[in-house]
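Asker: Next input, structure requested:
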Amino acid sequence: MGVVLVTPDVTQNRTRFLSVPPASVLAEDHDQLVELSCHGLATAAPAYSARSVLVRWQGVVLAVLTAGLLAGLLLSPRTAGVVVIALVVLAYIAALGYRLALFRLGARGGRTVMVSDEEARSVPDDQLPTYTVLVPVFHEPLLGELVERLERLDYPRHLLDVRLLLEADDTETADAARRITPREHVRVVTVPSLDPRTKPKACNYGFLTAESAMCTIYDAEDDPDSLQLRRAVVAMRRLGPSYACVQARLGFYNSAQNMLTRWFTLDYGSWFTNMLPGLVALGAPVPLGGTSNHFRSDVLRDVGAWDPWNVTEDADLGLRLHRAGYRVGVLGSTTLEEANPDAINWVRQRSRWYKGYIQTFLVHVRSPRLVTSQLGARGVAGLVVFIAGTPLLSALNGFFWALTAMWFTSHDPAIAALFPPVVYYLGMVCLVLGNLSVLYMGVFTARQLERPDLLPAALLMPLYWGLMWLAALKAVIQLVTAPSYWEKTTHGLHRQQTTAAEAGGAS
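Answerer: As a prediction, this is how the structure comes out:
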C-alpha cells in the first residue's frame, strides 16, 4: 500500500485528508453517509487509516527482525540475549527521560488555557457559535441521568445540538431513550449496525450531518463543568486559527472508592495536569482523550474526522491534526467521570487503549520521511517513545520482573551473563532511579491535586504497574487476533458496588 496523495491547502499551509460533502447533502444521502462513516478515511487516505494493521514494508521488517532474533537465539543465545536486553534497557531509559522532561515542563504551568467564569459568561449569546455535542452510548440504561447532567450545560439552547448516538440493535438504550422528556436541542441518532462496531464510527455518523461551528464528545458517565462549552469558545478564539482543538481535563467523582480508583486518579491527574501541558510546551503532537475535546468543525471534516478502525481514535486524531498543520491546546475545565473500580473491567479498558496506541504508531510511521517532515524531530521522538513505547515497554515489564525474581532466588550464572557491566549498571539506573522517579511523580501529583489521601496509593504504584503489564500483554495479543475489536467498558460499577455495600450494611 502506497502513501496517499493528500491535497494541500496552500493558502493556509494546511493539509486536507478527506473532501466531505456538505452536511445537508449527506443528510439526504444515507448510503453516502454510511460509506463515509465506515470507510471514508480508509478509502480517501488509506495510509492514515488503521483498517490494515501493517503495510507491506512493515510486515517485511517485522518478519526480518523476528527471523534475525530466532537465528541469533539458535546460533549464539548469549550474544543475542545481551543485544536484545541492552536495546530494551536503552529504550526504557529513553522513555523515562522523555516522560520526566514532559512532566517537568508541564509542572511549570502556564500551558493550560484558563478562562474565568466571568469571562466565559460575558460572551453575548449572539456571538456564540452553534455547538454539536456527540454522545455515543451502547447498553446504557441510565441514559436519562446522562441527559439531565448535560442539561446543566450553560449554553443557549437554540445554539445547542445534542446527539445521542445509539446502535440500531441496542434495544436496551433505545428503551431508555424513549423515556427521556423530549427537548428540541436533543435528538436520537440511530447508527447502522455495520462493521466496524466502534465508537469512532458512531461519532462520524452523528457528526457528518451536523452544521455546527464547534463540536465535542461526552461519554455516557460524564459530568462536565457547566461552563465548559463557553470556556472552549473563548479559548479557541484566544488561541487563534492555528489551533483545531482544546482538550479539557478529566477527573473522577468516585476517586476514593477503592485503591484502584485512587491509582486511576493519580494516573489521570499526572496525564492531564502535567503530561499533556508538557507536550504542548514541547510542541509535540497531543494524543487526545476520548471525551471533552472541543473541535472546530470545519477542521475536523478536513482531516477526515475519526478513524472508525482505530480503537484509540482520539490519540490518532491528535496526531493527524498535528500532521495536517494544526495544534491542540489544554483547557482549564474539568469533566468528571467514573474511575474504573473493577480490575477486570480496568484491564479491558486499558488493553483497548494500548492496542490503539500500537495501531496509531504503525499507521503514522508508514511513510517515515513524510511523517518526519510533518511532525519534526520532537514529534517523531514522541511518536516512538511515547505512543509506541508506553504499551510495548509495559508488555516487557513482566519479562524483566521474572528475570529479577529468578536471579534473586537462584543466582543463576546464565542470567548474570545476560548483563555485562555496562548493561547491568544501566539496568540498575532503570530499576532504582527510574522507579523512584515514577513514584515521585505520583507523590507530586497527589500534592498538586491537594489530595493527601492519595499518598498511600502513590507509594503503592508498583502494584498498579502489574495491572498495566496484564493490559499491555493482552493488547499485543489482541492486535494480532482482533485489531479493530472494540471491547466496551462497563459503566455504573461504582453505583452497583455502593448499592451492594448499603444492602450488606442494612442486612
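Asker: What's the first helix or strand after the helix or strand of the chain with the lowest mean pLDDT?
Answerer: For the chain, the helix or strand with the lowest mean confidence is strand 7-9, at a mean of 39 (criterion: mean pLDDT, DSSP states H and E). Counting by DSSP states H and E, the next helix or strand C-terminal to strand 7-9 is strand 14-16.
Asker: helices or strands up against that following strand?
Answerer: Strand 14-16 sits against strand 7-9, with contacts defined as 3 or more Cβ pairs under 8 Å, 6 or more residues apart in numbering; DSSP states H and E. For the C-beta atoms, the positions are set from N, CA and C on the backbone; glycine is no exception.
Asker: who's in contact with L208?
Answerer: The contact partners of L208, by Cβ atoms under 8 Å, 6 or more residues apart in numbering, come to V20, A23, L26, L33, L36, S37, R301, A305.
Asker: how does it look with 10 Å?
Answerer: 20-23, 25-27, 32-34, 36-37, 40, 300-301, 305 (Cβ atoms under 10 Å, 6 or more residues apart in numbering).
Asker: State the pLDDT value of it.
Answerer: pLDDT, L208: 96.
Asker: go on, the one 3 residues further on?
Answerer: Turning to E211, the model gives it a pLDDT of 94.
Asker: which SS state does it fall under?
Answerer: coil (DSSP: H, G, I helix; E, B strand; the rest coil).
Asker: Would you quantify the distance from it to D31?
Answerer: 20 Å (Cβ to Cβ, to the nearest Å).
Asker: the more surrounded of those two?
Answerer: For the pair E211 and D31, the greater number of neighbours falls to E211 (12 against 8), based on other Cβ atoms under 10 Å.
Asker: which one is that one nearest to, not counting chain neighbours?
Answerer: Excluding its sequence neighbours, the residue lying closest to E211 (Cβ to Cβ, 6 or more residues apart in numbering) is A23, at 4.7 Å.
Asker: Surely that neighbour is in contact with T209?
Answerer: Yes: using Cβ atoms under 10 Å, A23 is in contact with T209, at 5.0 Å.
Asker: Give the residues shared as contacts by the two.
Answerer: Any residue near both A23 and T209 by Cβ under 10 Å, 6+ apart counts here, and that gives L33, T132.
Asker: which one of those two has more residues nearby?
Answerer: T209 (20 against 17).
Asker: Just give the closest residue to the more buried one, not the sequence neighbours.
Answerer: Nearest residue to T209, sequence neighbours excluded (Cβ to Cβ, 6+ apart): A27, at 4.5 Å.
Asker: helix or strand for that neighbour, which one?
Answerer: helix 23-28.
Asker: Okay, now stretch 154-174: how far is its last residue from its first?
Answerer: End-to-end distance for stretch 154-174, by Cα to Cα, to the nearest Å: 27 Å.
Asker: That stretch: which residues count as buried?
Answerer: Y155, L159, L160, D161, V162, R163, L164, L165, L166, E167, D170, T173 (16 or more other Cβ atoms under 10 Å).
Asker: List the residues that contact the second one.
Answerer: Taking Cβ under 10 Å, 6+ apart as the criterion, L159 is in contact with D125, D126, L128, P129, T130, Y131, H185, S212, A213, M214, L229.
Asker: Among those residues, name the ones in helices.
Answerer: L229 (DSSP state H).
Asker: The contacts of L159, buried ones only, as a PyMOL selection?
Answerer: In PyMOL, this line selects whichever of the contacts of L159 come out buried by 16+ other Cβ under 10 Å:
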select buried, resi 128+129+130+131+185+212+213+214+229
